[in-house]
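**Student:** kindly generate the corresponding structure for this input.
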Amino acid sequence: MKIQIIGGSGTGKSTLAKWISEKENIQWIDTDHYLWKDDSFTENNPIEKRKELYQKDMALGVSYVASGSVFSWYPEGFSDRDLLVFLSLDEAVRMQRLRSRELERNTLSEMWLDEHGEYTNDFLEWCKTYLTEEDKSMAGTYAEQSYQMELSKSPVLKLDSARPVEELCAEILSRVSQ
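**Tutor:** Predicted coordinates:
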């Protein structure tokens, strides 16, 4: 069983992948660990380091569930997957989740108020472009993920992540076992 879950930041990719990993006792690959040097999420790993970490995970040759994408810097990544899952979520709900998460991670001195009086930072400002960015080479955007789904050799399952994680997990496992 090899599953990759993509979607915008804040759609619940990591939560769902971790759930599936624990339920099925398979490896969970969080692609954030390839991208970022540490949990401060402030400095990226160089692409060669990301590929090295990815290759190490793939060398295990076991079942996995991956949360996130490597497509922008390693388009052939996860090409052995059995299923590509795309999570969507109402944009206002997604942005509120992200804002709450950023407020937990950062101090208010690292944030400012946007034009609507909501706390924001550079990451949240980037997240606001998820649906509007049209360049499919821009990582982490709907345009890039749509292109990834279009090119996918594996089946693609699109799910609304507002549903309970148990339901999402059951649908994914049902689909991958077909």
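**Student:** tell me how far stretch 67-87 lies from the chain's centre.
**Tutor:** The chain centroid and the centroid of stretch 67-87 are separated by 10 Å under CA atoms, centre = their mean, to the nearest Å.
**Student:** got the buried residues for that stretch?
**Tutor:** For stretch 67-87, the neighbour count (16 or more other CB atoms under 10 Å) marks 67-74, 77-78, 81, 83-87 as buried. For the C-beta atoms, the positions are set from N, CA and C on the backbone; glycine is no exception.
**Student:** could you do stretch 170-178 as well?
**Tutor:** 172, 176.
**Student:** what residues does that stretch touch?
**Tutor:** Contact with stretch 170-178 is made by 1, 3, 16, 20, 23, 24, 82, 83, 85, 155, 157, 159, as judged by CB atoms under 8 Å, 6 or more residues apart in numbering.
**Student:** are any of those residues buried, and which?
**Tutor:** For the contacts of stretch 170-178, a burial check counting by 16+ other CB under 10 Å picks out 1, 3, 16, 20, 24, 83, 85, 157, 159.
**Student:** thinking again about what came up before, quickly check the contacts of stretch 170-178 for the two that are furthest apart.
**Tutor:** Greatest spatial distance among those (CB to CB): 23 and 155, at 20.4 Å.
**Student:** keeping just the C-alphas, turn the helix or strand containing residue 55 into PDB.
**Tutor:** Secondary structure assignment for residue 55, by DSSP states H and E: helix 47-59. Extracted in PDB, the C-alpha atoms of helix 47-59 (Å, rounded to 0.1, in the frame of the first residue of the first chain):
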ATOM      1  CA  ILE A  47      17.300  20.200  -3.200                       C
ATOM      2  CA  GLU A  48      20.100  17.600  -3.100                       C
ATOM      3  CA  LYS A  49      19.500  17.100   0.700                       C
ATOM      4  CA  ARG A  50      15.800  16.700   0.100                       C
ATOM      5  CA  LYS A  51      16.500  14.100  -2.600                       C
ATOM      6  CA  GLU A  52      18.900  12.300  -0.200                       C
ATOM      7  CA  LEU A  53      16.200  12.100   2.500                       C
ATOM      8  CA  TYR A  54      13.600  11.000   0.000                       C
ATOM      9  CA  GLN A  55      15.800   8.200  -1.400                       C
ATOM     10  CA  LYS A  56      16.500   7.000   2.100                       C
ATOM     11  CA  ASP A  57      12.800   6.600   2.700                       C
ATOM     12  CA  MET A  58      12.200   4.900  -0.600                       C
ATOM     13  CA  ALA A  59      15.100   2.500   0.000                       C
END
